[in-house]
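K.L.:
Below are the sequence and a predicted model; questions follow.
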Amino acid sequence: MPKMSFANPRSMLAAAILFVLPLTAEAGQSYDAKAFAAAQETGKSILVDVAAPWCPTCAKQKPTVLGLETSQPKLVVFDVDFDSAKDVLKQFRVTAQSTLIMFKGKTEVGRSTGETDPAAITALVAKGL
């Protein structure tokens, strides 16, 4: 296993993303069926973020999702916990954590699983803005 030097700012950032961010950062709001339906009814741009706290790919996605949520006031983000929300996973036909699903109102306009490239995640969200 390679040694991580905390004298290097990139190593410090990586450590924060992999170890601290999943424990402290929370994008969006916890999924609630009524809130989701209300957002769909009003035609909002909705990102469903299916993640697990133990998932390194999810941890890599989180900073981009947080940034988009902050920079895009029209975007509503709903967090779905992969480990405990099995009924929601079935509703959205999700079989893996690190799945992002973008809606414009009631229409699903795109989805990705395992994507960590900020440009690709931003492009997915742009489809629904």
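P.N.:
On my side now, so go ahead.
K.L.:
rest of the way, CA atoms for contacts and neighbours
P.N.:
Fine.
K.L.:
Find the helix or strand that the residue most central in space within the chain is a member of.
P.N.:
With distances taken as CA atoms, centre = their mean, D49 lies nearest the centre of the chain, 3.5 Å away. When secondary structure is defined by DSSP states H and E, D49 falls within strand 45-51.
K.L.:
now for whichever helix or strand comes after that strand, which elements pack on it?
P.N.:
Next along the chain after strand 45-51, taking DSSP H and E as the criterion, comes helix 56-71. If contacts are counted by 3 or more CA pairs under 8 Å, 6 or more residues apart in numbering; DSSP states H and E, helix 56-71 sits against helix 21-24, strand 75-81, helix 118-126.
K.L.:
make it 10 Å
P.N.:
Using 3 or more CA pairs under 10 Å, 6 or more residues apart in numbering; DSSP states H and E as the contact definition, the elements that helix 56-71 packs against are helix 21-24, strand 45-51, strand 75-81, strand 99-104, helix 118-126.
K.L.:
If you compare the directions of it and strand 99-104, what angle comes out?
P.N.:
Between the direction of helix 56-71 and that of strand 99-104, the angle (axes from the mean of the first three to the mean of the last three CA atoms, to 10 degrees) works out to 30 degrees.
K.L.:
can I get the CA coordinates of helix 56-71 in CSV?
P.N.:
Coordinates of each C-alpha in helix 56-71 appear next as CSV, following Å, rounded to 0.1, in the frame of the first residue of the first chain:
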residue,chain,number,x,y,z
PRO,A,56,-15.4,4.9,-2.2
THR,A,57,-17.0,5.7,-5.5
CYS,A,58,-19.9,7.5,-3.8
ALA,A,59,-17.3,9.5,-1.7
LYS,A,60,-15.7,10.6,-5.0
GLN,A,61,-19.1,11.7,-6.4
LYS,A,62,-20.1,13.6,-3.3
PRO,A,63,-18.0,16.8,-3.8
THR,A,64,-19.4,17.2,-7.3
VAL,A,65,-23.0,16.7,-6.2
LEU,A,66,-22.5,19.1,-3.3
GLY,A,67,-21.0,21.7,-5.7
LEU,A,68,-23.9,21.3,-8.2
GLU,A,69,-26.4,21.6,-5.5
THR,A,70,-24.8,24.8,-4.2
SER,A,71,-24.3,26.4,-7.7
